[in-house]
Structure formats: structure tokens, C-alpha cells
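> Coordinates for the following, if possible.
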Amino acid sequence: MKNDTDFAELSEIDRRHWLHPVVALQQHEERGATIWTAADRIHLIDADGRRVQDAFSGLWCVNVGYGQESVVRAATEQMRKLPYSTGYFHFASEPAIRLAGRLTALAPEGLTRVLFGQGGSDAVDTAIRTIRYFFNATGRPTKKHFIGLQRGYHGSSAVGSGLTALPLFHKHFDVPGPQQHHIPSPYPYRHADGPDPAAVLASTVRTLEAKVAELGADNVAAFICEPIQGSGGVIIPPPGFLAAMRATCDRLGILLIVDEVITGFGRTGPLFACAAEGVTPDVLTLAKGLTAGYAPMSATLITEELYRGIAGAGRDGTPFGHGQTYAGHPVSAAVANAVLDLYTDGGLIENGQRVGRYFESRLKELEALRCVGEVRVRGLLGAVELVADKTTKAKPDPALKMGQRVLDHASQNGLVFRAFGDDILGFAPSLNYTEADVDVLIERLRASIAHVFS
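Just a heads-up that it's a prediction; the model follows:
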């Protein structure tokens, strides 16, 4: 391990040169970086040698946990054999071809084609570009408008950030654009028609119908949603939400995009959250758990109908003008195939489902605390919403930053998770957690909440 002087130098370089994402930049200059040096199973190790339990899977992505040798071996062997191969033109590599076949076999029935990319943000951009191309190519050029949900997150790219509906990702960025719209989140705990699930669901259907009527169905391309709104605070819609959105989109003549960048690959129990309701979207976006964070990669899956419409536009020999240098990267694809092996044959999906049930029961215990308004859990995805008053659901004074203070205390005591800006604590343990790991998580979390709210 490097000595303290080396880490002091690294910290200074970081302050001067690395513009970090999603951080108050001047505060970061004052605070400096927490430098991770290693990881092991469910733990991160910092520059001081402290082991910290990771209850957020990196950034919702390290679904298989750290140090999976089969994944490391797959990456190493592929780097030696063929470290790069473009997917442009007519070129391909075996790992990417096999991955495309596996994903379409595992995804909801009807999703037959894959466009690869580097991450969730560009998976969403790919979805938008592909849908625009499809409608233009099939003689419906007015269908340009996209509708999302308030509190939704669909990346921070120039286009996708407009469908994201969190103020932080809009301020000073000139988004959303005039063709991007949002309807209220199906957030039972704080919904105007809640908390009755049936009322929230009916309201969401009505507001989507109303927005499409306002814009004109001939002008609306698609509705986009997450099965669970991750960065919006782990908002879990009422049961039947995806099925209702599928039926509504069909009735209105618009496409359905389901963004499973966070929920895919066992995070909520099944391999894909769509499977829980038997829903096939027109477009499915995937990333994060696809490679479990071991390498950058995303996948945007589309139906055969969309593919045929797009392909038909090139009958005169005109290429489909979309792609990225690293789309279908052979090393990332080899990693993804090894990760899929862990999900399908390595028992991680079953382990995640079993431990997820235990995680739900333990996290729900915290609802008894006077400062906890609601606990939300689906599989190994959860949230604790902090309140100042359980009866009125009033939030703490934002200036107090209670959620961040809970995280800061927990971090000092060996636990990291996510503190959203509105005092919601987010959790995404990896699928290799055990019940004993969950017990440690809950013990440390409870202690930190008690410390901050004492």
C-alpha cells in the first residue's frame, strides 16, 4: 500500500484537476476525496485501510459483489486475445455476438434486437434517437414528444437529462426541451390521490391520457418510466403499474420505454423487473448490473417491429447513422457474459431473492422509529424516508441536511449508502449479501439514525 505522502499527493491532484460528477464543486475542493484503494466481496477499503460495508453496490451497479474471479478471468483472457474490436460496419467479435443472443433470450419476449453502448445515459439517448428514426422512417414525422415522470431519472446526457425530472439535473443546463414533458410520480406516500394504490394508479393513467390529449397523439412518440424510480428516492409504484402503462400506451398509440438501468439483473428479485408483471416494452434500456460495474457497457433492446421500420429506411443502401466507438466492446462483452453466468448458473439470483426477503423484513423494522415516515423495499432495493413528523409527513428543515448527516455518521462507522437531497436514504446491497451482512447493515444504520436524531 502507498504511504500517506502518496495519498496526500493524490488528494491534491484530485482537488486541482478532477471535476467530479454530482457534487458541490467548491465544497469538494475544501473536503477532498475519499480514495478507495481496494474492494473485497461487499467491502470497500480506503486509503487509511478502513473496511467499509458497501450497501449501495457502488452506484447501484456492483450486483455480484467485488472480487468475482470468474469475471476478472474473463476480462483478462479477452484482453490478451482481442482487446478491441469495433462493431461499426460489418465487424464483430464473438463475446458481443454471444451477449446479444443471450440478452434477447433472457429479456421479455419480443425484444429481439440489441444496440450496445457504454452506460445508462447513452442507452436512453440511443432509445430516443432510435425512436425518432423509426417514426421518421415509417412516415410519422410529427411524433416527436416524449413524456416521463416527475422524480424520474434517465441519465445526465444532453438529451436524456431532459427526461430526467430532478431539479439538480436541469438547473443551468437548459433542459427539459420543448418536446420533453412530465406527469406526476406514482408516489403513494406523497401522492395527491394517495396513499391508496388503486387511486394512485388510476390517477397516473388519467394524467398520461390527459397529457397525450393535450399534445395530440399524432405528436407523441413515447412514454418512459422506471419500474421503480431509483434516484428519485426509490419510489415504488402501485402493483400493476407497468401493465397499466403498457395498456395505456397501446390504447393511445405511443411507444413504451422501460428504463431498467437500475432495476435490471436481479436488483428487484427477477432478472428484469418487467417480468414481475409480464410486460414487454417497445424499448428496454439496461446498464449497471449488465457488467456489475466491472466494465462500462449498456444495452438498448428493441422489438422486431422497430427494427424492421429502421432497417427498411436503408433499403437503398443508406447506413443507420448511429453508434459509438466502444459499443459492443469485446472486453466489456466478455465481462457481461461472465456476469450473466453468475446470475443464471451461479445462484446469485436465488440468493438475492432469499436475502432480499430478509432485507425487507429488517429494514421495515425502522418504520417504528419516530423519524421514519416510510420504508420502501423491493428485492435488494430499498429506501428509508426521514420525516420531522410522522403524522403530517412533514420533512426536516432542508438546511439541517439530516439524511446527509446520517450518512456521514454511518460512513465513519463502516457503512456507506446513498443520501438523497430530500432526506431519503437509499440502499442497494449486492446480490451476494448474506443475512448476517444485512444484520450488520441494519445495526449500523439504526445507530447512525439514533445518533443524528437524538
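> contacts, neighbours, all on C-alpha from now
Will do.
> pLDDT wise, what is the closest residue to P188 other than its chain neighbours at?
Sequence neighbours aside, P195 is the residue nearest to P188 in space, at 4.4 Å (criterion: Cα to Cα, 6 or more residues apart in numbering). Note on P195: pLDDT of 90.
> what does I235 give?
Listed pLDDT for I235 reads 98.
> where's the residue nearest to it when sequence neighbours are not counted relative to H17, distance?
Spatially, and ignoring its direct neighbours in sequence, I235 is nearest to Q229 (4.9 Å; Cα to Cα, 6+ apart). Plainly put, Q229 is 33 Å away from H17 if you go by Cα to Cα, to the nearest Å.
> Let me know the secondary structure of V355.
helix (DSSP: H, G, I helix; E, B strand; the rest coil).
> neighbours around it, how many?
25 (other Cα atoms under 10 Å).
> next one: S93
What S93 shows, counting by other Cα under 10 Å, is a neighbour count of 18.
> and what of the one 3 residues further on?
One way to gauge burial is a neighbour count; for A96, by other Cα under 10 Å, it gives 23.
> pretty sure it contacts A327?
No. If you go by Cα atoms under 8 Å, A96 and A327 don't touch, sitting 9.2 Å apart.
> Residue ranges in the protein under the pLDDT threshold?
1-5 (pLDDT under 70).
> can you map out the helices along the chain?
Per DSSP state H, the chain carries helices over the ranges 4-17, 25-31, 57-60, 69-81, 94-106, 120-137, 160-163, 197-215, 241-252, 304-312, 330-344, 348-364, 402-412, 435-452.
> out of those, which comes closest to G323?
Closest to G323 of those, according to Cα to Cα: helix 120-137, at 8.5 Å.
> Look up how far F56 lies from the residue nearest to I235.
From Q229 across to F56, the span is 15 Å (Cα to Cα).
> do K395 as well
23 Å.
> And the two? Which one has more around it.
Set K395 next to F56 and count neighbours by other Cα under 10 Å: F56 wins out with 23 against 18.
> can you pull the contacts of the closest residue to that one other than its chain neighbours?
Spatially, and ignoring its direct neighbours in sequence, F56 is nearest to A428 (4.3 Å; Cα to Cα, 6+ apart). Neighbour list for A428: 55-57, 60, 267, 380-382, 417 [criterion: Cα atoms under 8 Å, 6 or more residues apart in numbering].
> switch to 6 Å and redo it
55-57, 60, 380-381 (Cα atoms under 6 Å, 6 or more residues apart in numbering).
> Then Y307?
Contact criterion Cα under 6 Å, 6+ apart gives no residues in contact with Y307.
> do the same with G120
The contact partners of G120, taken as Cα under 6 Å, 6+ apart, are 261, 287.
> List the contacts of stretch 365-378.
268, 360, 364, 382-388, 390.
> hmm, which of those are the buried ones?
When those are checked for burial by 16 or more other Cα atoms under 10 Å, the buried set is 268, 360, 364, 382-388, 390.
> Mark which of the residues you listed are part of strands, please.
Mapping the buried ones among the contacts of stretch 365-378 onto strands (DSSP state E) picks out 382-386.
> Reformat those into JSON lines and put distance to P141 next to each item.
JSON lines is the format used below for these (distance: Cα to Cα, whole Å):
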{"residue": "G382", "distance to P141": "41"}
{"residue": "A383", "distance to P141": "41"}
{"residue": "V384", "distance to P141": "44"}
{"residue": "E385", "distance to P141": "43"}
{"residue": "L386", "distance to P141": "46"}
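> Which single one of those residues is nearest to K81?
Among these, G382 lies closest to K81 (Cα to Cα), at 40.4 Å.
> got a list of what the closest one touches?
With contact taken as Cα under 6 Å, 6+ apart, G382 is in contact with 376, 426-427.
> The most centrally placed residue in the chain and D422: what is the separation?
Closest to where the C-alpha atoms of the chain average out (Cα atoms, centre = their mean) is I262, at 2.5 Å. I262 is 20 Å from D422, where distance means Cα to Cα.
> Quick check: R378 vs I35, distance?
31 Å.
> what does G289 give?
Here G289 is placed at a distance of 23 Å from I35 (Cα to Cα).
> Mind splitting the protein into its structural domains?
Domain segmentation of the chain under automatic domain parsing yields 34-67+347-452, 70-344.
> looking at those, which is closest to V22?
The nearest among these, by Cα to Cα, is domain 70-344 at 8.5 Å.
> from the middle of its chain, how far away would the closest one be?
Relative to its chain's centre, domain 70-344 lies at 10 Å (Cα atoms, centre = their mean, to the nearest Å).
> can you check stretch 64-81 too?
Chain-centre distance of stretch 64-81: 23 Å, with Cα atoms, centre = their mean.
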